[in-house]
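Participant: The following comprises the amino acid sequence and a computationally predicted model.
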Amino acid sequence: MGREIIVNPVTRIEGHAKITIYLDEKDMVKDARFHVTDFRGFEKFCEGRPFYEMPGITSRICGICPVSHLLASAKACDDLLAVKIPRTAELLRRLMHMGQIIQSHALSFFYLSSPDFLLGLDSEPSKRNIMGLAEKYPEIAKQGVWLRKFGQSIIETLSGRRIHSSDWIVPGGVKTPLSKESVEKILADLPKAIGIALNSIELFKKNMESFKNEMRDFGDFPTYYMSLVTEDGGLEHYDGNIRILSPDGKVVADRLDPSKYFEYIGEAVEDWSYMKFPYLKNIGYPDGAYRVGPLARLNNASYCGTEIADGLLKEFKKLGKNGIIQNTFMYHYARLIEIVFCIEKVKELLEDPEILSTEVQAKASLNKREGVGVIEAPRGTLFHHYKVDEQGRITWVNLIIATVNNNIAFNKAVAQVAKKYVNGKKLNEGMLNRVEAVVRALDPCLSCATHAIGEMPIRIQLYDHNGRLIDEVARG
Amino acid sequence: MSKTVELTIDGKKVAAKEGDNILKVARENNIYIPALCYLEGVSSLGGCRVCVVEIRGSPKVFASCVTPVAEGMEVITDSERLRRYRKWAIELLLAERPHVCSVCVANGNCELQQLATELGVDHLRVDRKWTNYELDLTHERFAYDPNRCILCTRCIRVCDEVEGVHAIDLMLRGKNSKVIFDLDDKWGFAESCTSCGKCSAVCPVGALYVKGKPLSEVKKKELVSFVMSRRSEKTIG
């Protein structure tokens, strides 16, 4: 009799999820599925609204990275206006984006994942959280909190608000310029920020050793990788072209126009999850699975373009074959390198003489009926695509959220971990922790992905081969 | 010269011109009565019922914007009953159409939102109506979102009495009432509209607004009293 295991809810992730594990006649894991159990309907209820409200509406998809949605949406609106935004506006948008990535990555690493590394995957679950971390390693917890605050403060300095700065990023640019005092204020915090980021990398490297066993089966499988890169293949988060890397590390597509994403990305639907399954059209579903996010960006990037991050990238690439790293665990490492890159980039942006210019918004009315905005959100490539009528009212919306791009990978990673750790009829804590940890490494934002609200709880269910539920572990 | 009457508002003795309404007199004497549809400089409607007051000797409450002062009148502007009525008035307005502040152009500069905060409206005791009126973005400079309209008719009054055009009016009845341009034409095609922008300037919520500009940047309300004061100066001169 085959069986099925369900983990529900998955904890320390953003959103609701459930994992189902299917067993065969010999009680060995046959397959596993990562279900996203909420539905929100943004693509539908935005219809009829004016296009210029879209940054404000879509940024409410997520309270963790509203800036990502704001930027992608504003870029789609820039496209509708058919304007090129002033350079200073782009610099300021980039600056806010860097602040956003720093705070989001700090949240993922310090608040959500570091309790796993530092306290151990088998430590007491009630203590395996940021509070337990603060108790045992108060200095590290403080650093994490400070780093996140630093990222948030950049956002606040620019827009006056830490979350939902939707009236600052506007179609055509940004609302207000930056003051000299603000530049100095951010610059003053940079040395401390870079110090914390580099310390975290050291800490991660030191702890990596103790996870050698887990890492072997921790979502280590070949997939394609997709991200934006600069014109000459450098690390990019705000603009640029799409590059796709094959599982063996070869660039199979480069300089793809992000606004033509529908030509090369298809979206499959399964009846057991509210999250869609994007795949590469020319490969097909599900073999065209690709991953996005920090690991994909570093795999894709030929260089970073900042001094310290470039050194870190070289060291990072040595860990893989052909310069490509497939292990999901390494998402954490990639995230930390990106924090360093973003901090260096903040400095570069602030030192640009044009950053203080007051030319920050291009004003225009509707000039096109269709617009696409693509950026690299902390969790990966984010697509906003709108169609409007002659008055500028939204008639159609398609959003491909960063987390969604990784959906097939989530399922593969969960299946791999389950195959390694689940055997038999009973679920145990250690297995649950490892399945959760691999999901956490991919840092899903399911509230975004289903465009959901509330707690962030996982449920694991174990089913036999006849589809009979034989065990279930829930946590929330 | 008009006659002067004496009355008390919240125990304070005040003198007022006969014929003036209680709200106007209270404001002239720095006594605060919350109000929403009232707009200084144009006629009063008494529609929103937020400015209700009590008058000693009567069991009823009165909309202060349409109740004229009278000799010896004793007005009470604040009581538990009045606060309860005002709160209901705001709640019903919020429930009538989908007022979602977080994505509204008027967020932070909305009179309905300010009054809701002031009166402690933190939830609604009645079900919301999720109306789905079509937006009118046909005008080059202005936008009209009927889903945010509270039917205060400030726009209609200012267009008629200040601009002298009457391009805006109300159609249908009760909660189905809708502000329209000309004979329910699209705004951009309403021939009588002079595109002066007074309607959007006096709209207390985000129903009529200047495209691409947050309300914080638009001078509101004061515009009408400014125009009216200039007018009376001219008459005197």
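Facilitator: Yes, it's here. Numbering: from 1, shown residues only, chains lettered A, B, ... in the order given.
Participant: give me the low-pLDDT residue ranges for chain A?
Facilitator: A:1-16, A:37-38, A:424, A:446-458, A:474-476 (pLDDT under 70).
Participant: near chain B, which residues of it show up?
Facilitator: Residues of chain A lying close to chain B (CB under 8 Å from any CB of the partner chain) are A:48-50, A:52-53, A:56-57, A:60, A:164, A:166-167, A:170-171, A:175, A:363, A:365, A:391-393. Backbone N, C-alpha and C define where each C-beta goes, glycine included.
Participant: taking the residues you listed one by one, which sit in strands?
Facilitator: The strands, defined by DSSP state E, take in residue A:170 from the residues of chain A next to chain B.
Participant: From the residues of chain A next to chain B, list the buried ones, please.
Facilitator: Among the residues of chain A next to chain B, the ones that count as buried by 16 or more other CB atoms under 10 Å in any protein chain shown are A:49-50, A:52-53, A:56-57, A:60, A:164, A:166-167, A:170-171, A:175, A:391-393.
Participant: Tell me the spacing between the residue in the stretch 151-300 of chain A that chain B sits nearest to and residue A:61.
Facilitator: As assessed by CB to the nearest CB, chain B sits closest to residue A:167 within the stretch 151-300 of chain A, at 5.5 Å. The spacing between residue A:167 and residue A:61, counted by CB to CB, to the nearest Å, is 17 Å.
Participant: Please apply the same query to residue B:133.
Facilitator: 24 Å.
Participant: Which one's more surrounded, these two?
Facilitator: residue A:61 (24 against 15; other CB atoms under 10 Å in any protein chain shown).
Participant: Assess the claim that the more buried one and residue A:68 are in contact.
Facilitator: No. Residue A:61 lies out of contact with residue A:68 (CB atoms under 8 Å); the separation is 9.2 Å.
Participant: Return the nearest residue of chain B with respect to chain A.
Facilitator: For chain B, CB to the nearest CB, closest residue to chain A: residue B:137, 4.0 Å.
Participant: That residue touches residue A:392, doesn't it?
Facilitator: Yes. Residue B:137 is within contact range of residue A:392, at 5.3 Å (criterion: CB under 8 Å).
Participant: shared neighbours of those two, which are they?
Facilitator: Common contacts of residue B:137 and residue A:392, defined by CB atoms under 8 Å, 6 or more residues apart in numbering or on different chains, comprise residue A:50.
Participant: from the chain's centre, how far out does the helix or strand residue B:179 falls within sit?
Facilitator: Residue B:179 belongs to strand B:178-181 when assigned by DSSP states H and E. Its chain's C-alpha centre and that of strand B:178-181 lie 16 Å apart, by CA atoms, centre = their mean, to the nearest Å.
Participant: Does chain A have contacts with it?
Facilitator: No. Figure legend: strand B:178-181 not in contact with chain A (CB under 8 Å from any CB); closest approach 14.4 Å.
Participant: now the helix or strand just after that strand: mean pLDDT?
Facilitator: Downstream of strand B:178-181, the first helix or strand assigned by DSSP H and E is helix B:198-202. In this model, helix B:198-202 has a mean pLDDT of 92.
Participant: quick one: the strands in the stretch 251-400 of chain A?
Facilitator: Taking DSSP state E, counting those that start in this stretch, the strands of the stretch 251-400 of chain A run over residues A:251-256, A:265-268, A:277-280, A:290-291, A:370-377, A:380-388, A:394-400.
Participant: Relative to residue A:288, how far out is residue B:75?
Facilitator: 75 Å.
Participant: Could you check which of these two has the larger neighbour count?
Facilitator: Neighbour count, other CB under 10 Å: between residue B:75 and residue A:288, residue B:75 has more, with 26 against 21.
Participant: how much space between that one and residue B:67?
Facilitator: 9 Å.
Participant: Report the set of residues contacting both of the two.
Facilitator: Joint contacts of residue B:75 and residue B:67 (CB under 8 Å, 6+ apart) are B:22, B:53, B:55.
Participant: so which of the residues you listed is the most crowded?
Facilitator: Among those, residue B:22 has the most neighbours (other CB under 10 Å), with 27 neighbours.
Participant: hang on, it packs against residue B:53?
Facilitator: Yes. With contact defined as CB under 8 Å, residue B:22 counts as touching residue B:53 (6.1 Å).
Participant: Which neighbours do those two have in common?
Facilitator: Among the neighbours of residue B:22, those also in contact with residue B:53 (CB under 8 Å, 6+ apart) are B:33, B:62, B:64, B:67, B:75.
Participant: Spit out the contact partners of the fourth one.
Facilitator: For residue B:67, the contact set (CB under 8 Å, 6+ apart) comprises B:21-22, B:53, B:55.
Participant: Mind checking the strands of the stretch 251-400 of chain A for the one nearest to residue A:211?
Facilitator: Proximity to residue A:211 (CB to CB) singles out strand A:290-291 among the strands of the stretch 251-400 of chain A, at 19.8 Å.
Participant: partners of that closest one, with directions?
Facilitator: Using DSSP bridges, strand A:290-291 pairs in its sheet with strand A:224-229 (parallel).
Participant: Now do the partner strand against strand A:251-256, angle only.
Facilitator: Calculated by axes from the mean of the first three to the mean of the last three CA atoms, to 10 degrees, strand A:224-229 forms an angle of 30 degrees with strand A:251-256.
Participant: List of residues touching strand A:224-229?
Facilitator: Here strand A:224-229 has contacts from A:235-237, A:239-247, A:252, A:254, A:258, A:280, A:283, A:288-292, A:295-297, A:299-302, A:324, A:374-376, A:380-381, A:405, using CB under 8 Å, 6+ apart.
Participant: Give me the subset of the residues you listed lying in helices.
Facilitator: A:295-297, A:299-300, A:405 (DSSP state H).
Participant: Show the contacting residues for the closest residue to chain B within chain A.
Facilitator: Of all residues in chain A, residue A:391 sits closest to chain B, at 4.0 Å by CB to the nearest CB. Contacts for residue A:391 (CB under 8 Å, 6+ apart) come out as A:366, B:135-138.
Participant: mind listing what's buried in the strand holding residue B:179?
Facilitator: Quick answer for strand B:178-181 (16+ other CB under 10 Å): B:179-181.
Participant: can you check stretch A:181-200 too?
Facilitator: Within stretch A:181-200, the residues that count as buried by 16+ other CB under 10 Å are A:182-183, A:186, A:189, A:193-194, A:196-198, A:200.
Participant: Output the residues you listed in CSV; the columns should cover distance to residue A:208 and secondary structure.
Facilitator: Formatted as CSV, these follow (distance: CB to CB, whole Å; DSSP: H, G, I helix; E, B strand; the rest coil):
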residue, distance to residue A:208, secondary structure
A:182, 38, helix
A:183, 37, helix
A:186, 32, helix
A:189, 28, helix
A:193, 23, helix
A:194, 21, helix
A:196, 19, helix
A:197, 17, helix
A:198, 16, helix
A:200, 12, helix
